[in-house]
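A.B. asks: What follows is a predicted protein model with its sequence.
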Amino acid sequence: MNLFCVGLSHHTANVETRERFAGHAETNCILRRAGCAEALVLTTCNRVEVYGAAEARVPTKEIACCLARKTDNESREDATEFYRYEDADCAQHLFRVASGLDSMVVGETEILGQAKKAYESARASGAAGPYLHRLFQRAFRVAKQVRTHTEITRGSVSVGSVAVDLAQRIFGQLSNRKVLVLGAGETSERTARALVSRGVTDLHVSNRSSERAQELARLVGGQAVRFDDWPEQCRAIDILITSTSSETPLLTPENLAPMLRDRIDRPLFIIDIAVPRDVHPNVNEMEGVYLYDIDSLQSVAEQSLALRRQQISVAEAIIAEHVADFGKSISRKSNCKTPSTDHRALGETPLRTSEL
Amino acid sequence: MDRLLLILSTLCFLAAVVRTIVALRAGIFRPGQFNFLAIGLGFIFQTAFLSIRGHTLGRCPLTNLFEVFIFLAWSVALIYMLVGPAYRLSLMGAFTAPLVVLLQGFALITPIDVRHPVKLPANPWLEFHASISLVSYGAFALACIAAMMYLVQERQLKTHQLHSIFYHLPPLTDLFGAITRLLWWGFALYTIGLVSGFFVGRPLPYGQVVCAFGVWLLYGAILQGRHLRRLAPKHVAALCIIGFSAALTLLWGITFTAQTHPLP
């Protein structure tokens, strides 16, 4: 039995091409028309892939035709953009995909959930049999091991999540922290929502337009504060998110110093996402104040991404071990199987959802 | 036999150090049970060593600089075991093990395990004074370690340069809470040790008493500054390191004086 993977991803095709082939990814078509014994389609925003098992080689063009929105000559020509992996290479590719190594953001974990969902769907419809079961169960195991034994998922890689991550590194639990959102822009809203999702309940919103402040406060479950009153709020808050359209800095070391006088043992985390900046950079020099502007948040995100990239070789080593072991076990089982005992020969009893 | 126990204990702590260094260099350190188990096993060997030595001497094993070092290392491990699971499983263990390895390694390598002829029967007050004071040093040592971790974390947050270690250190406010708790524990134990020194029934060297009060005052001032919010957390952390250095110097001075000018 030949295991193979045919697909397109963000590495090889632009979004228009990926869209054209993700129209109606029907496994039935692949099973029927291309003559696969087993097939599974994994479709995400960054990839369209078919994993299959067949006695004879299934041409890539046949698969491409099944994936295409319209079966026409153009689709047949576009099959050149598809990549193809077979047997051990197929296993290696899937292990890399499931572990997040092939993702646009290295180490992202969403792909594992998507792979599990695709597998469960194929299993339920009967399109995935013992070969794909074995392949995907191993892939899930590898992904788990990579996440546990490497730092591939460490750190945040988007501005909003970096801000929340840093807040937790400073304060630990965020549930009893007071947050002030100054300026009710879109990025402020996203960051405020991320903080609320991590347990923040005491949230205040201040904006030049009080209607917008009230609207955002309602959306994130906070309280609106008059724009004239925000300096007073600064004495009590732990986290300040600022994104006003002010041309001059609203916070300088001079006007912040009196506010900090009574809170020497309480850190103040300032997230300044305004351009031009709302907070003078020298504020970061003040005792107990941690100021991050949009550039520094971006820089932290890049550092996290670099840390993740450093882990790729460790993850690849884990994957290589599993690929070798998987190859051996498949060939061992294949040698001793008879056509009527396909499932048992592979050591698979009826597939179990619990294994997911 | 007792030295073998000490070597085994040092190897356990060394295993925790090596594992941490290797993991940190590979960038894959994960707080786990290994360090705790290695330190726990090392602590058992330390306890067995001190117990055998105590039985042999017929008194608390604090008769020379070698034993003082081992007792201090034991106190550090004891406080680490008591300080709570949140810190046991974090990098605190990784920072604690090197200190114990240094103390025990130094004690094992240098020829300081000299048996002095016993002139007087065991004095329970003196033993209580010495042992409780050393346990307080264990708390001060861990406060010093937590302070180092705080300064590392604070520096990374200020400079926006976050290394792999950043994600393994506890949050700043939690670290500061741990420093404060350890300081209070250490201060309370040190005060008890200091007061018990007056019940020893022998005249104590004037210089030692003054220095001991100096250390007590320093830690008292740090705690007062913290309590009254006169000191920023960063300064409290820096003073913890200075305070422990002063306390160690005093300990060395006391032990050195005791060996060169033993009490009558």
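C.D. replies: Done, it's in.
A.B. asks: Quick check: which element contains residue A:217?
C.D. replies: helix A:210-220 (DSSP states H and E).
A.B. asks: cool, residue A:101 as well?
C.D. replies: Residue A:101 belongs to no helix or strand, assigned by DSSP H and E.
A.B. asks: do the same with the one 5 residues further on
C.D. replies: Element membership of residue A:106, judged by DSSP H and E, is empty: it is in no helix or strand.
A.B. asks: List the contacts of residue 204.
C.D. replies: If you meant another chain, say so; for now it's chain A. A:178-181, A:217, A:222-225, A:233, A:237 (CB atoms under 8 Å, 6 or more residues apart in numbering or on different chains). For glycine as for every other residue, the C-beta is placed from the backbone atoms N, C-alpha and C.
A.B. asks: think we crossed wires, I meant chain B
C.D. replies: Taking CB under 8 Å, 6+ apart as the test, what residue B:204 contacts is residue B:197.
A.B. asks: same check, this time on the one 3 residues further on
C.D. replies: Counting by CB under 8 Å, 6+ apart, residue B:207 makes contact with B:253, B:257.
A.B. asks: Confirm that residue A:8 sits in a strand.
C.D. replies: Yes - assessed with DSSP: H, G, I helix; E, B strand; the rest coil, residue A:8 lies in a strand.
A.B. asks: quick one on the thing from earlier: downstream of the helix holding residue A:217, the next helix or strand is which one?
C.D. replies: Next along from helix A:210-220, by DSSP H and E: strand A:223-225.
A.B. asks: List phi and psi for residue B:104.
C.D. replies: phi -70, psi -40 (degrees, to the nearest 10).
A.B. asks: ok, now residue A:48?
C.D. replies: phi -130, psi 110.
A.B. asks: Is it bridged to anything, and to what?
C.D. replies: residue A:8, residue A:43 (DSSP bridges).
A.B. asks: since we're on it, how many residues are nearby?
C.D. replies: When counting by other CB atoms under 10 Å in any protein chain shown, one arrives at 25 neighbours for residue A:48.
A.B. asks: List the contacts of it.
C.D. replies: Applying CB under 8 Å, 6+ apart, the residues near residue A:48 are A:7-9, A:18, A:21-22, A:25, A:41-42, A:67.
A.B. asks: what does residue A:119 give?
C.D. replies: Here residue A:119 is in contact with A:40, A:128, A:132, A:136, A:356 (CB under 8 Å, 6+ apart).
A.B. asks: mind checking pLDDT for residue 57?
C.D. replies: Assuming you mean chain A. Listed pLDDT for residue A:57 reads 87.
A.B. asks: Let me rephrase: I mean chain B.
C.D. replies: 86.
A.B. asks: Pick out the residue of chain B closest to chain A.
C.D. replies: residue B:171 (3.7 Å; CB to the nearest CB).
A.B. asks: Once you drop chain neighbours, what's closest to that residue?
C.D. replies: Closest residue to residue B:171 apart from its sequence neighbours, by CB to CB, 6 or more residues apart in numbering or on different chains: residue A:172 at 3.7 Å.
A.B. asks: Give me the distance between that neighbour and residue A:289.
C.D. replies: Distance of residue A:172 to residue A:289, computed by CB to CB, to the nearest Å: 18 Å.
A.B. asks: still on that earlier bit, what number of residues lie near the residue of chain B closest to chain A?
C.D. replies: Neighbours of residue B:171 (other CB under 10 Å): 18.
A.B. asks: surely it meets residue A:171?
C.D. replies: Yes - contact criterion CB atoms under 8 Å: residue B:171 and residue A:171 qualify, at 6.1 Å.
A.B. asks: Okay, now the unreliable bits of the chain?
C.D. replies: No chain in the question, so chain A it is. Low-confidence segments of chain A, defined by pLDDT under 70: A:23-29, A:31-32, A:69-78, A:333-356.
A.B. asks: wrong chain, I was asking about chain B
C.D. replies: Low-confidence segments of chain B (pLDDT under 70): B:1, B:26-32, B:84-91, B:116-121, B:258-264.
A.B. asks: can you give me the helices for it?
C.D. replies: B:2-26, B:33-57, B:65-82, B:85-88, B:92-109, B:124-159, B:172-196, B:206-227, B:233-260 (DSSP state H).
A.B. asks: and the residue nearest to the spatial centre of chain A, what does it touch?
C.D. replies: The centre of chain A sits closest to residue A:108, judged by CA atoms, centre = their mean, with a distance of 3.6 Å. Contacts of residue A:108 were listed using CB under 8 Å, 6+ apart, and they are A:100, A:153, A:157.
A.B. asks: One more: residue A:249?
C.D. replies: When contacts are counted by CB under 8 Å, 6+ apart, residue A:249 is found next to A:277-280.
A.B. asks: Look at it and tell me its secondary structure.
C.D. replies: Assigned by three-state DSSP, the conformation of residue A:249 is coil.
A.B. asks: related to what we said a few turns ago, ok, the residue nearest to residue B:171 touching residue B:176?
C.D. replies: No - with contact defined as CB under 8 Å, residue A:172 does not reach residue B:176; the gap is 10.4 Å.
A.B. asks: Who has more neighbours out of the two?
C.D. replies: Set side by side, residue A:172 and residue B:176 show more neighbours around residue B:176, with 22 against 18, by other CB under 10 Å.
A.B. asks: Could you list which residues are in contact with the spatially most central residue of chain B?
C.D. replies: What sits nearest the mean C-alpha location of chain B, by CA atoms, centre = their mean, is residue B:138, with 2.9 Å. With contact taken as CB under 8 Å, 6+ apart, residue B:138 is in contact with B:72, B:74-79, B:186.
A.B. asks: need the residues of the stretch 1-150 of chain A near chain B, please.
C.D. replies: When proximity is defined as CB under 8 Å from any CB of the partner chain, the stretch 1-150 of chain A approaches chain B at A:148-150.
A.B. asks: which one among these gets closest to residue A:50?
C.D. replies: residue A:150 (28.4 Å; CB to CB).
A.B. asks: my read: that closest one touches residue A:311, true?
C.D. replies: Yes - between residue A:150 and residue A:311 there is a contact under CB under 8 Å: 4.4 Å.
A.B. asks: the more surrounded of the two?
C.D. replies: More neighbours surround residue A:150 than the other of residue A:150 and residue A:311, with 26 against 23 (other CB under 10 Å).
A.B. asks: From residue B:151, how far out is that one?
C.D. replies: 28 Å.
A.B. asks: go on, residue A:65?
C.D. replies: 63 Å.
A.B. asks: Looking at these two, which one has more neighbours?
C.D. replies: More neighbours surround residue A:65 than the other of residue A:65 and residue B:151, with 21 against 17 (other CB under 10 Å).
A.B. asks: what about that one, helix or strand, and which?
C.D. replies: Residue-wise, residue A:65 maps onto helix A:60-67 under DSSP H and E.
A.B. asks: and what of residue A:40?
C.D. replies: Applying DSSP H and E, one finds residue A:40 within strand A:38-43.
A.B. asks: got a list of contacts for that strand?
C.D. replies: Contacts with strand A:38-43, where a contact means CB under 8 Å, 6+ apart, come from A:7, A:22, A:25-27, A:30-31, A:48-54, A:67, A:97, A:114-115, A:118-119, A:122, A:127-132, A:136.
A.B. asks: can you give me the angle it makes with helix A:60-67?
C.D. replies: With axes from the mean of the first three to the mean of the last three CA atoms, to 10 degrees defining the directions, strand A:38-43 sits at 60 degrees from helix A:60-67.
A.B. asks: Give me every residue in the stretch 151-264 of chain B lying close to chain A.
C.D. replies: B:153, B:157-158, B:160-162, B:164, B:166-167, B:170-174, B:176, B:226, B:229-234.
A.B. asks: Could you turn the buried ones of these into a ChimeraX selection?
C.D. replies: The ChimeraX command for the buried members of these (criterion: 16 or more other CB atoms under 10 Å in any protein chain shown) is given here:
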select /B:153,157,160,162,164,166,167,170,171,172,173,174,176,226,231,232,233,234
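A.B. asks: all strands for chain A, in order.
C.D. replies: A:2-9, A:38-43, A:47-54, A:83-86, A:178-182, A:202-206, A:223-225, A:239-242, A:268-272, A:289-293 (DSSP state E).
A.B. asks: need the contact list for residue A:205.
C.D. replies: Residue A:205 neighbours (CB under 8 Å, 6+ apart): A:180-181, A:184, A:192, A:213-214, A:216-217, A:220, A:222-225.
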